[in-house]
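*Asks:* I need the structure of the sequence given here:
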Amino acid sequence: MRLVCILSLFRQLPFLEIDGRPFGQSVAFARLLAKKYNLAGATDEEQAHVDAIIDYQKDMTQAIRKWHMEKDEAVKATLQEEYFRTTAPEHLDVLQSHLKGHFFASSGVTFADFAIAIFLGNMLRRNAAALDKHAALKEHLERVNSLPGIKEWIARRPETEN
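*Replies:* Purely as a prediction, here's the structure:
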């Protein structure tokens, strides 16, 4: 009964419950947790920039879905090759232009850095050369994956497709 009540927020998963109060939509509660744990940016302007990076990552994910969800393996291979040849380099150029030194916010690491590191890691699993022309993003990925806690989690996490 409780699960049905929580799912009625948006009728989908995931959800987050804090002190008995459910929150739906993963980006919304990621943003909530980021603010709560000082991972959203230090100023309103920085928070807007971080939010923009998160929104752009959603756009990049949408572009991948065109081939990722394709059932016909031959069509899927063609779409994936086209994505990595045309769309991915454009997205990575834009993304790289938004780095503010080591991270996407001058004040330090944010939840956008985590989201992009996950995205880039998944991208590299599908195309090992994807970041060859984007050294700053490759360094960003390595920097985020070397953070205390993150590094340890990566070493022990289960292997999955995504």
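
*Asks:* Can you list the low-confidence ranges for the protein?
*Replies:* The chain contains residues with pLDDT under 70 at 1-9, 162.

*Asks:* Of all residues in it, which one is nearest the centre?
*Replies:* The geometric centre of the chain, computed from its C-alpha atoms, lies nearest to A115 (CA atoms, centre = their mean), at 2.7 Å.

*Asks:* how far does the longest helix belonging to the chain sit from the chain's center?
*Replies:* The longest helix of the chain (DSSP state H) is helix 44-68. Taking CA atoms, centre = their mean, to the nearest Å, one finds helix 44-68 lying 7 Å from the centre of the chain it belongs to.

*Asks:* Give the other helices and strands that that helix contacts.
*Replies:* Packing partners of helix 44-68 (3 or more CB pairs under 8 Å, 6 or more residues apart in numbering; DSSP states H and E): helix 26-36, helix 73-82, helix 88-97, helix 111-126. Quick note: C-beta positions are derived from backbone N, CA and C, even for glycine.

*Asks:* Determine which stretch of those is the most buried.
*Replies:* helix 111-126 (a mean of 19; mean count of other CB atoms under 10 Å).
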